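Enquirer: Okay, sequence plus prediction incoming.
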Amino acid sequence: MQRAYQQPNLRLAAGEPGDPALVKALQRDLRQLGYLARGIDGAFGAGTERAVRALQWDLLNNRGESSGSDGAAPVSLVDYNRGRVVAVDGVLEQDLAACLADLIADDSVPKLPNAEDPVAENRRALEAIASAGGGVVPGPILQAISIQESGGRHYCVPHGADEDDFVAVGLDRRFGDDRVTSRGYGIGQYTLFHHPPRPEEVSSLMLDPVGNVGRAVRVLRQKFDGLVAAGSSRADDRDAEHPGLPLRVCRYEPSDRRYLRDCRACAGEARKLEISEGTPVYRGAPIAYRPDRYYASADYSGVPDRADFLCDWPYAVRRYNGGGNDSYHYQTRVLLHLLALPAPAEPGVGD
């Protein structure tokens, strides 16, 4: 099927006049193929140009291999080039348009899903995540992590001229601006290192938000068990604030209905901290909060004090994100998201 932007001599590029309807058609196709991070607004801006460049790079180089250890893609994208794309320049000309049309038409190339009612789908996703911990990790903390990872959105929500209703995606260009090395999908930003995704990954990670955060459950529990109070790389903040204390899963017993479910109340009970640039990440720490390329500000107000929680999940949240300055920003923001969660309809009551 011919695409709207397949017209003799048509060219679309940043900084050049272009029919917004044709740009939207291009953006929609780039979005469902996983090259555009967000935005179907009819404006050929820097994001659309980067998406076109990434597609061109793949048509020249992507043979379906993974830059991680998650297996191969279902197709080799260089097979769709057939000599038509010869450079990476960020411009849509008709040879590239023909490649795009072939990719869209081929059912063996999985497409990213969109939602008819993304607001309702996002609400259902957050509600489902609240119980997705399954007694392994705290559901409310999983919710707060999802808000930090994706703004609590499994799908983008159209607004104004932007018609984007596709699954949320984050693009990592670790080796430069043209090659996308990994993509994080959905509410939990589940990351794949091959592209395009396999059909079963679309089903389990994009159409199912609980499946999307399944890896977050496993990794968070692994960090909790192995990197909080044990091993040579255990959490420095926890060592400073609770030295020698056994690992604490929850203030409540597993038989209590509040077990791994009452985290918002614990955040509310904790003392609140004021953090600014230069504040030590813990008392006596060799590093302090500072802005960086991921976090433009180091100013936070009303942060629940992780040391007041009667469990060790705040420390696991930080290790979930790694270490160093970024991990303390991440931990702080997740705790603020936790505090801002709506109160449960029925406050936790012991059995």
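Expert: That came in fine, so what should we check first?
Enquirer: Helices along the stretch 151-300 of the chain, start to end?
Expert: Taking DSSP state H, counting those that start in this stretch, the helices of the stretch 151-300 of the chain run over residues 199-201, 209-212, 214-227, 236-241, 263-269.
Enquirer: Dump those into JSON lines; add distance to residue 56 and mean pLDDT as well.
Expert: (Each C-beta comes from the backbone N, C-alpha and C, glycine too.) Putting those into JSON lines (distance: least, CB to CB, whole Å; pLDDT from 0 to 100) gives the following:
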{"stretch": "helix 199-201", "distance to residue 56": "24", "mean pLDDT": "97"}
{"stretch": "helix 209-212", "distance to residue 56": "29", "mean pLDDT": "89"}
{"stretch": "helix 214-227", "distance to residue 56": "31", "mean pLDDT": "93"}
{"stretch": "helix 236-241", "distance to residue 56": "44", "mean pLDDT": "97"}
{"stretch": "helix 263-269", "distance to residue 56": "46", "mean pLDDT": "97"}
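Enquirer: could you dump these to a markdown table with distance to residue 28 and mean neighbour count?
Expert: Shown next, in a markdown table, are these (distance: least, CB to CB, whole Å; neighbours: other CB atoms under 10 Å):
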| stretch | distance to residue 28 | mean neighbour count |
| --- | --- | --- |
| helix 199-201 | 21 | 15 |
| helix 209-212 | 22 | 22 |
| helix 214-227 | 29 | 17 |
| helix 236-241 | 45 | 18 |
| helix 263-269 | 38 | 20 |
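Enquirer: of all these, which lies closest to residue 306?
Expert: helix 236-241 (7.0 Å; CB to CB).
Enquirer: gap between residue 213 and residue 142?
Expert: 6 Å (CB to CB, to the nearest Å).
Enquirer: Overlap of the contact sets of these two?
Expert: 129, 132 (CB atoms under 8 Å, 6 or more residues apart in numbering).
Enquirer: more crowded one of these two?
Expert: residue 213 (29 against 26; other CB atoms under 10 Å).
Enquirer: List the residues that contact that one.
Expert: Residues near residue 213 by CB under 8 Å, 6+ apart: 129, 132, 142, 146, 187, 188, 190.
Enquirer: And residue 71, by the same measure?
Expert: Contacts of residue 71 (CB under 8 Å, 6+ apart): 194, 198.
Enquirer: Assign a three-state SS to it, would you?
Expert: coil (DSSP: H, G, I helix; E, B strand; the rest coil).
Enquirer: and the gap between it and residue 64?
Expert: Counting by CB to CB - residue 71 and residue 64 are separated by 10 Å.
Enquirer: which neighbours do those two share?
Expert: Joint contacts of residue 71 and residue 64 (CB under 8 Å, 6+ apart) are residue 194.
Enquirer: Give me the nearest residue to residue 338, chain neighbours excluded.
Expert: Spatial nearest neighbour of residue 338, excluding adjacent residues (CB to CB, 6 or more residues apart in numbering): residue 144 at 4.1 Å.
Enquirer: where's that neighbour, which helix or strand?
Expert: In this structure, residue 144 is located in helix 139-150 according to DSSP states H and E.
Enquirer: residues making contact with that helix?
Expert: In contact with helix 139-150 (CB under 8 Å, 6+ apart) are residues 125-126, 129-133, 152, 168, 170, 184, 186-189, 213, 216-217, 220, 260-264, 313, 317, 320, 330, 333-335, 337-338, 341.
Enquirer: Same question for stretch 202-210.
Expert: 110-113, 124-125, 128-129, 132, 154, 167, 185-188, 190, 192, 197, 211-212.
Enquirer: What is the neighbour count of residue 57?
Expert: Residue 57 has 20 nearby residues by other CB under 10 Å.
Enquirer: list the buried ones in the one helix or strand it maps to?
Expert: Following DSSP H and E, one finds residue 57 within helix 46-61. Buried residues in helix 46-61, counted by 16 or more other CB atoms under 10 Å: 47-59.
Enquirer: try stretch 63-80
Expert: Buried, per 16+ other CB under 10 Å, within stretch 63-80: 64, 67, 73, 74, 75, 77, 80.
Enquirer: where's the dip in pLDDT among those?
Expert: Among the buried residues of stretch 63-80, residue 67 carries the lowest pLDDT, at 89.
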